[in-house]
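Participant: Only the shape, not the letters, is given here:
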């Protein structure tokens, strides 16, 4: 049966859209994912699509990006579509020139839609007003958990209003505000609601060390973020150190983007010293930060430090051949299974990463045995991160790796953590090694993490959230 239909960039005309509308109206067809992006679709054709989806109960994911300069008129038909359909969970309406007037109509329809969980509105010229309309929809909508507003010039004014809404209506867990000219005043407002979020992308804004201090304070206070992306912001070393210091005892954040944040080669040592004490970060992007020979030496120290780090991005730095060789030699001493730097040129890096994946497979076999309880928390936490990175990674050296069933391993890891928690609550002290980690992060913080931070399952990053 037809479940996925991709007819993007196919030059669809009126006749094609009529046929598609008939197909979607048919009770015999149960398409769940439809992509018609990159086709020039008129308002008449959009209206036909909206009508056909009123009777459709199967479509869950609809991609409608770059189908025309919609404006207010196109927004009207999108609103009809969102109100009429009773099955849609995910919609992408990016780069359609909605403007704030078109977005006002779409936002009103989102209020009436209590099924939609993810909406991507990238590059629609919303400005502050469009962001405010979107925020108002959150007052009523109880289902939306992912909001992608990147590239809409919402600025700090729009973010301040959005943050006020998120304070009281906290269903949104994944928020992308990249490329929106947000300065430190907007970050101060946003930091107050970070405790509700799991993933936050703030790339390509105007965040300085002052803004980083607001984020750091929220992280210290227990923000439950799993992913924080700060690429291409002028944080400089002071801002980076603020963030990293706040994460020293953070048990939740596993992905941190610090690409092109003006670190500099001489400052890498300070960063590494903090990362060596970090117990959570599994994916780290340090690309395009002016890292050369001196910085590379400290990257080697980091890789040898037996941290949970499983994915490291160094693309855009100018590493000398001897420095790259030292990094390659240190991969087998690390937990890294994905490293982005000159992979197309270095067979040695690919070989070292592949060997680490094989070691991961061997470690996971232990989880199939009854004595898995003997693994330490440190071991299990690193395994958890490696599985997570492997599932999310698109690196070519990992594509052929076959680990039997990541989900089953994670369930066993979860069972171990829950057993340990029960023992701890009952006053049983059979596993002294685990107390080291509990003491490091704080017993209450560790136990609460199991309940509130969602660290024990694969985090599905919506859309292309990180990139």
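Facilitator: Looks like it came in fine. All figures in this text were calculated on a predicted structure; none of them were measured in a lab.

Participant: how about the helices in the stretch 1-150 of the chain?
Facilitator: All helices of the stretch 1-150 of the chain, identified by DSSP state H, counting those that start in this stretch, fall at 14-25, 43-54, 71-84, 99-112, 127-137.

Participant: again with the stretch 251-400 of the chain
Facilitator: So, for the stretch 251-400 of the chain - with DSSP H, counting those that start in this stretch - the helices run 268-275, 293-303, 321-330, 347-366, 377-392.

Participant: Return the most buried member of those helices.
Facilitator: Looking across these with neighbours counted as mean count of other CB atoms under 10 Å, the highest average goes to helix 377-392: a mean of 21. In short, each C-beta sits where N, CA and C put it, glycine included.

Participant: Now tabulate the helices of the stretch 1-150 of the chain in a markdown table and tack on mean pLDDT, mean neighbour count and distance to residue 300.
Facilitator: Formatted as a markdown table, the helices of the stretch 1-150 of the chain follow (pLDDT from 0 to 100; neighbours: other CB atoms under 10 Å; distance: least, CB to CB, whole Å):
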| stretch | mean pLDDT | mean neighbour count | distance to residue 300 |
| --- | --- | --- | --- |
| helix 14-25 | 92 | 15 | 55 |
| helix 43-54 | 91 | 19 | 55 |
| helix 71-84 | 92 | 20 | 52 |
| helix 99-112 | 93 | 22 | 49 |
| helix 127-137 | 94 | 22 | 44 |
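
Participant: out of those, nearest to residue 6?
Facilitator: helix 14-25 (12.3 Å; CB to CB).

Participant: So what touches the closest one?
Facilitator: 7, 10, 12, 29, 31, 34, 36, 41-42, 44-45, 48-49, 51-53, 55-56, 59 (CB atoms under 8 Å, 6 or more residues apart in numbering).

Participant: ranking the helices of the stretch 251-400 of the chain by mean pLDDT, which is last?
Facilitator: When the helices of the stretch 251-400 of the chain are ranked by mean pLDDT, helix 377-392 comes last with a mean of 62.

Participant: what's the spacing between residue 126 and residue 160?
Facilitator: The gap separating residue 126 from residue 160 is 15 Å, by CB to CB, to the nearest Å.

Participant: Of those two, give the one with the bigger neighbour count.
Facilitator: Neighbours were counted for residue 126 and for residue 160 using other CB atoms under 10 Å; residue 126 has more, 28 against 20.

Participant: wait, that one sits on residue 152?
Facilitator: Yes: here residue 126 lies in contact with residue 152, judged by CB atoms under 8 Å, at a distance of 4.1 Å.

Participant: To residue 77, which of the helices of the stretch 251-400 of the chain lies closest?
Facilitator: Here helix 377-392 is closest among the helices of the stretch 251-400 of the chain (CB to CB), at 35.2 Å.

Participant: low-confidence ranges in the stretch 201-350 of the chain?
Facilitator: 249, 251, 343-344 (pLDDT under 70).

Participant: how about residue 56, what does it touch?
Facilitator: Residue 56 touches 24, 25, 85, 87, counting by CB under 8 Å, 6+ apart.

Participant: And the furthest pair within those residues?
Facilitator: 25 and 87, at 13.4 Å, using CB to CB across the contacts of residue 56.

Participant: can you list contacts of the one helix or strand residue 212 maps to?
Facilitator: Residue 212 is located in helix 209-220, with elements delineated by DSSP states H and E. With contact meaning CB under 8 Å, 6+ apart, helix 209-220 is reached by 183-184, 187-188, 190-192, 194-195, 225, 228, 230, 233, 235-236, 238-240, 242-243, 245-247, 250, 253.

Participant: Residue 18 and residue 12: what is the separation?
Facilitator: Using CB to CB, one obtains 10 Å as the distance from residue 18 to residue 12.

Participant: partners of the helix or strand following the helix holding residue 212 in the sheet?
Facilitator: Of the helices and strands lying after helix 209-220 in sequence (DSSP H and E), the nearest is strand 227-229. In the sheet, strand 227-229 lines up against strand 199-201 (parallel), strand 255-257 (parallel) (DSSP bridges).

Participant: Turn the ones you listed into a markdown table, including distance to residue 121.
Facilitator: Output for the strands paired with strand 227-229, formatted as a markdown table (distance: least, CB to CB, whole Å):
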| stretch | distance to residue 121 |
| --- | --- |
| strand 199-201 | 14 |
| strand 255-257 | 21 |
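
Participant: Any chance of JSON lines for those strands, columns mean neighbour count and distance to residue 270?
Facilitator: Output for these, formatted as JSON lines (neighbours: other CB atoms under 10 Å; distance: least, CB to CB, whole Å):
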{"stretch": "strand 199-201", "mean neighbour count": "24", "distance to residue 270": "24"}
{"stretch": "strand 255-257", "mean neighbour count": "24", "distance to residue 270": "16"}
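
Participant: Please consider this matter closed, and thank you.
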